[in-house]
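Peer 1: What shape does this take:
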Amino acid sequence: MENVVIVGSGISGLTAAIYAARANLEPIVLTGVAENGGQLMLTTEVENFPGFPDGVQGPDLIMKLQDQAKKFGAKLVQEDATGFEQVDGGYKVTAGDSTFEAKSIIISTGASARWLGLESEQKFKGRGVSTCATCDAYFYKDKEVIVVGGGDSMAEEGLFLTKFASKVIVVHRRDEFRASKIMQDRVMNHEKIEVVWDTEIDEILGEQTVNAVKLKNVKTGEITEKKIDGVFLAIGHIPNTKIFDGKIDLDEQGYVKTDRRMRTNLPGVFACGDVQDTIYKQAVTAAGSGCQAAIEAEKFVENIE
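Peer 2: The predicted structure is shown next:
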């Protein structure tokens, strides 16, 4: 039986792996296949992570973390976790054709941003299409951007973007917002924000980066082209907790419930990063929670020994 199995390999999981490995727990990290490396693998320039004054490419940061975790003895297994259950003395995680039993589990499977489902948005990920204004707004100083959505996430992203962009166009497929009244008022009354109702993005255009979009009126079917410098999607995130549903306490949105020490309702099972963070969703907060989860897992394993 392993000491610790870490499910997920974003910045929270890899930070947990570094701490667990340095504590001689010899952690197994199930990296996943398509999600290997987490959201930072979809990011280009990261300028707000401490210690990189000139910025760092998201994939480069993940590679450095992987190397650091392996240096201290973590074992990275490139498989998707497909099952989770309690067994005598711990827990069992199924991944591919393998099963791993461990005294402690750290869940760091993250949350995937919702996408529009356009082929063109995949083409321009990190090159004009973003799901995080806090991460990328700085790159759109004095430029025009579109924010897609109608809830509080849209309002928060749009208002944040006004600090940098010359104009923010909110595109919503309905004729009213779902956002709270106070957030709606802030959006509607902001001099830099224009709202386009009953509209959705039909296609994102550009060469190396985004330079325009095709907008479709959902009521008339009319399509217009709009020059734009960036598209921000604010239509929510989906926590990657399918294999834990019904086995661990989740909130109504599917995020893992933890206390302030990253503990779930199951003894020896901890969660960190975006899979349990419904507020910040930043690389630095994910790293911090990964550290916490690993320290708590170390204490748990020591106590049962």
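
Peer 1: buried residues in the one helix or strand Lys214 maps to?
Peer 2: Mapping Lys214 onto the secondary structure by DSSP states H and E places it in strand 210-217. Neighbour counts over strand 210-217 (16 or more other CB atoms under 10 Å) mark Val210, Val213, Lys214, Leu215, Lys216, Asn217 as buried. Glycine gets a C-beta too; all of them are placed from N, C-alpha and C.

Peer 1: Please apply the same query to stretch 261-276.
Peer 2: Buried residues in stretch 261-276, defined by neighbour count with 16+ other CB under 10 Å: Met262, Arg263, Thr264, Gly268, Val269, Phe270, Ala271, Cys272, Gly273, Asp274, Val275, Gln276.

Peer 1: Span of that stretch from start to end?
Peer 2: The first and final residues of stretch 261-276 sit 12 Å from each other (CA to CA, to the nearest Å).

Peer 1: isn't Ala95 right up against Val77?
Peer 2: Yes. Applying CB atoms under 8 Å as the test, Ala95 and Val77 come out as touching, 6.5 Å apart.

Peer 1: So which of the two has more stuff around it?
Peer 2: Neighbour tally, Ala95 and Val77, criterion other CB atoms under 10 Å: the higher count belongs to Ala95, 21 against 16.

Peer 1: Tell me how far that one lies from Ile28.
Peer 2: Counting by CB to CB, to the nearest Å, the separation of Ala95 from Ile28 is 9 Å.

Peer 1: Mind listing the shared neighbours of these two?
Peer 2: A shared contact of Ala95 and Ile28, defined by CB atoms under 8 Å, 6 or more residues apart in numbering, is any residue touching both; here these are Val77.

Peer 1: still on that earlier bit, summarise which helices and strands the strand holding Lys214 is packed against.
Peer 2: For strand 210-217, the elements it packs on are strand 199-206, strand 223-227, strand 230-233, judged by 3 or more CB pairs under 8 Å, 6 or more residues apart in numbering; DSSP states H and E.

Peer 1: Okay, now the sheet partners of the first one, with direction.
Peer 2: Sheet partners assigned to strand 199-206 using DSSP bridges are listed as strand 210-217 (antiparallel).

Peer 1: Give me the contacts around the strand it pairs with.
Peer 2: Counting contacts by CB under 8 Å, 6+ apart, the residues outside strand 210-217 that touch it are 124, 127-129, 146, 171, 196, 198-206, 222-231.

Peer 1: In this structure, where's the longest helix?
Peer 2: Counting residues, the longest helix in the chain under DSSP state H turns out to be helix 283-304.

Peer 1: coming back round to it: just give me how far the strand holding Lys214 sits from the chain centre.
Peer 2: Relative to its chain's centre, strand 210-217 lies at 25 Å (CA atoms, centre = their mean, to the nearest Å).

Peer 1: What distance do you get for Ala286 to Val269?
Peer 2: According to CB to CB, Ala286 and Val269 sit 18 Å apart.

Peer 1: Let's see the longest helix of the chain as CSV, backbone CA atoms only.
Peer 2: Taking only C-alpha atoms (Å, rounded to 0.1, in the frame of the first residue of the first chain), the coordinates of helix 283-304 have been written out as CSV:
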residue,chain,number,x,y,z
ALA,A,283,-2.0,29.4,-9.8
VAL,A,284,-0.5,30.8,-6.6
THR,A,285,-3.6,29.9,-4.4
ALA,A,286,-3.6,26.4,-6.0
ALA,A,287,0.0,26.0,-5.1
GLY,A,288,-0.6,27.1,-1.5
SER,A,289,-3.5,24.7,-1.1
GLY,A,290,-1.4,21.8,-2.5
CYS,A,291,1.3,22.5,0.1
GLN,A,292,-1.4,22.4,2.8
ALA,A,293,-2.9,19.2,1.6
ALA,A,294,0.5,17.5,1.5
ILE,A,295,1.4,18.6,5.0
GLU,A,296,-1.9,17.3,6.3
ALA,A,297,-1.5,14.0,4.4
GLU,A,298,2.0,13.6,6.0
LYS,A,299,0.6,14.1,9.5
PHE,A,300,-2.2,11.7,8.7
VAL,A,301,0.1,8.9,7.5
GLU,A,302,2.4,9.4,10.5
ASN,A,303,-0.4,9.1,12.9
ILE,A,304,-1.8,5.9,11.5
